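**Q** pasting the structure only:
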């Protein structure tokens, strides 16, 4: 939108799409339209009304912005300018003393480009034969401006086109021209245009329903304001839109100290569990405490049904199992929107479960990886890992490679690493299986299957692995 700037009317674009284009001549307002080739802030004829199912004003304005004016129309407008003289506020036509010199200067200074042509037309009135501007109060300053021509530098004009979306800018241009005092713009579904809608004399509320066709400030396209809606509420929504918070649900987390969860069968471990409650969030808080849930009431371990007010639990663990926490909480605060109104509902009192920590107790695997003469406990490995690697030292005939796997585990493969190809290769036939026993961490005897290298000669150290299925 150009502040203080008129625009050439694009008759070539709009007339074929106007409903008056095909009506009887005596019913047309075309003469008045065609006599007004330039309009402030608009390229639309002053009496334009779109045909049903024709292109929208936005589409026609886009076409006008992207095409050059037809030469016949341009010639018509230039001829029309010849019937105009400069307009001065507070003056009309008279026969007093507008000189031929001034008139000649005006006609010779018509700009070639459309933008300056608009400026030339803006301050014209219709010329009548034998009349000129009155000298009653025509000042030397104004006369000097006429005789010195229209200035070419229009850089002082304010251009805010880049600050407003093009479609909205074009619609505003049209409606500012036609908007009547005491009216607001209302969208007409049939013509796909904005029309003037009269406000009540008090200006307090809408007379008719208002359908919003495009985003305007904080009002989104598709919004409908019913008749009777307070105008201040509409303006408030547009200039200070109501904003709404988002919610983050409450959560709980359980942690263990010590953090290790893998132990040897027969051992016991004292573990301190801590349940942490996160009340969630209301974002932004908009006058609330910002918490979605109320405060914690109490805590439980493993949904035991015996809650306590402390969030710390001490347990002695002796076997595999899962441990989780539960938090019972109060109702949350009523959420608000940005204007302090209630938004949705408070989170009711309830509970939330934490994550789960799994503890596993397994029998140790034994092997002579430290000293070829003695098999010792290896670092514990979860049974679900289903694989264990051994880095054996060089073996002798008297002390071959040995590893022991709990008899309850089903061994599926024994493999050796080929250092040339870096591939694991089957070597199960190089081991003989026998029965042995070892005590677990609690001193209880456990049955094992021993795998002993049967090659019968001294050999360099190597990497071997065993796999099992359960």
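**A** Perfect, thanks for sending it. Owing to the predicted nature of the structure, the values given are computational and were not obtained by experimental measurement.

**Q** any idea how far residue 325 lies from residue 303?
**A** Distance, residue 325 to residue 303, by CB to CB, to the nearest Å: 9 Å. Heads up, the C-betas are built off the backbone N, CA and C, glycines and all.

**Q** Return every residue with contacts to both of the two.
**A** Contact criterion CB atoms under 8 Å, 6 or more residues apart in numbering; residues shared by residue 325 and residue 303: residue 353.

**Q** Between those two, which has more neighbouring residues?
**A** Applying other CB atoms under 10 Å to residue 325 and residue 303 shows that residue 325 carries more neighbours, namely 26 against 12.

**Q** Can you tell me, leaving aside adjacent residues, what's nearest to residue 448?
**A** Nearest residue to residue 448, sequence neighbours excluded (CB to CB, 6 or more residues apart in numbering): residue 404, at 4.2 Å.

**Q** show me what contacts the one you found?
**A** Residues near residue 404 by CB under 8 Å, 6+ apart: 365, 366, 367, 375, 436, 438, 448, 449, 450, 451.

**Q** So which of these is the closest to residue 36?
**A** Checking the contacts of residue 404 against residue 36 with CB to CB, the nearest one is residue 365 at 98.1 Å.

**Q** Enumerate every residue touching the residue lying closest to the closest one once chain neighbours are set aside.
**A** Among residues not flanking residue 365 along the chain, residue 378 sits closest, at 4.8 Å (CB to CB, 6+ apart). Residues in contact with residue 378 (CB under 8 Å, 6+ apart) are 364, 365, 366, 367, 369, 388, 390.

**Q** Same question for residue 315.
**A** Remark: with contacts taken as CB under 8 Å, 6+ apart, residue 315 is in contact with 270, 271, 273, 301, 323.

**Q** Of all pairs in the residues you listed, which one is the farthest apart?
**A** Comparing all pairs in the contacts of residue 315 by CB to CB, the longest separation belongs to 270 and 301, at 14.5 Å.

**Q** And these two? Which one has more around it.
**A** Comparing residue 270 with residue 301 by other CB under 10 Å, the one with more neighbours is residue 301, at 19 against 10.

**Q** Contacts only, for that one.
**A** By CB under 8 Å, 6+ apart, the contact set of residue 301 is 273, 275, 313, 315, 323, 324, 325, 326.

**Q** Now do it against residue 320, distance only.
**A** According to CB to CB, residue 301 stands 17 Å off from residue 320.

**Q** Same question for residue 213.
**A** 66 Å.

**Q** Between the two, which has more neighbouring residues?
**A** The neighbour comparison of residue 213 against residue 320 (other CB under 10 Å) goes to residue 213, with 19 against 15.

**Q** right, and that one touches residue 223 too?
**A** No - in this structure, residue 213 is not within contact of residue 223 by CB atoms under 8 Å, at 9.6 Å.

**Q** Quick check: chain neighbours aside, which residue is closest to residue 401?
**A** Spatially, and ignoring its direct neighbours in sequence, residue 401 is nearest to residue 453 (4.0 Å; CB to CB, 6+ apart).

**Q** pretty sure that neighbour is touching residue 396, no?
**A** No - with contacts counted by CB under 8 Å, residue 453 stays clear of residue 396, the gap being 10.5 Å.

**Q** between the two, which one's more packed in?
**A** Set residue 453 next to residue 396 and count neighbours by other CB under 10 Å: residue 453 wins out with 20 against 12.

**Q** For the more buried one, give me its contacts.
**A** Contacts for residue 453 (CB under 8 Å, 6+ apart) come out as 395, 400, 401, 402, 430, 431, 459.

**Q** partner residues bridging the residue most central in space within the chain?
**A** Nearest to the geometric centre of the chain sits residue 246, at 13.4 Å (CA atoms, centre = their mean). Counting by DSSP bridges, residue 246 is bridged to residue 283.

**Q** how far away is it from residue 292?
**A** Distance from residue 246 to residue 292, counting by CB to CB: 10 Å.

**Q** Identify the contacts common to those two.
**A** Common neighbours of residue 246 and residue 292 (criterion: CB under 8 Å, 6+ apart): residue 282.

**Q** Just confirm residue 78 is within a helix.
**A** Yes - under DSSP: H, G, I helix; E, B strand; the rest coil, residue 78 sits within a helix.

**Q** For it, give me the pLDDT.
**A** pLDDT for residue 78: 70.

**Q** Could you do residue 338 as well?
**A** Looking at residue 338, its pLDDT is 92.

**Q** wait, it sits on residue 244?
**A** Yes - with contact defined as CB under 8 Å, residue 338 counts as touching residue 244 (7.5 Å).

**Q** from the contacts of residue 453, which ones fall inside helices?
**A** Among those, no member falls in helices (DSSP state H).

**Q** Export the residues you listed as CSV, with columns for pLDDT and neighbour count.
**A** Formatted as CSV, the contacts of residue 453 follow (pLDDT from 0 to 100; neighbours: other CB atoms under 10 Å):
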residue, pLDDT, neighbour count
395, 97, 20
400, 98, 21
401, 98, 25
402, 98, 23
430, 97, 17
431, 98, 21
459, 97, 16
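
**Q** Reformat those as CSV; add distance to residue 418.
**A** Converted to CSV, these look like this (distance: CB to CB, whole Å):
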residue, distance to residue 418
395, 18
400, 20
401, 16
402, 22
430, 13
431, 17
459, 14
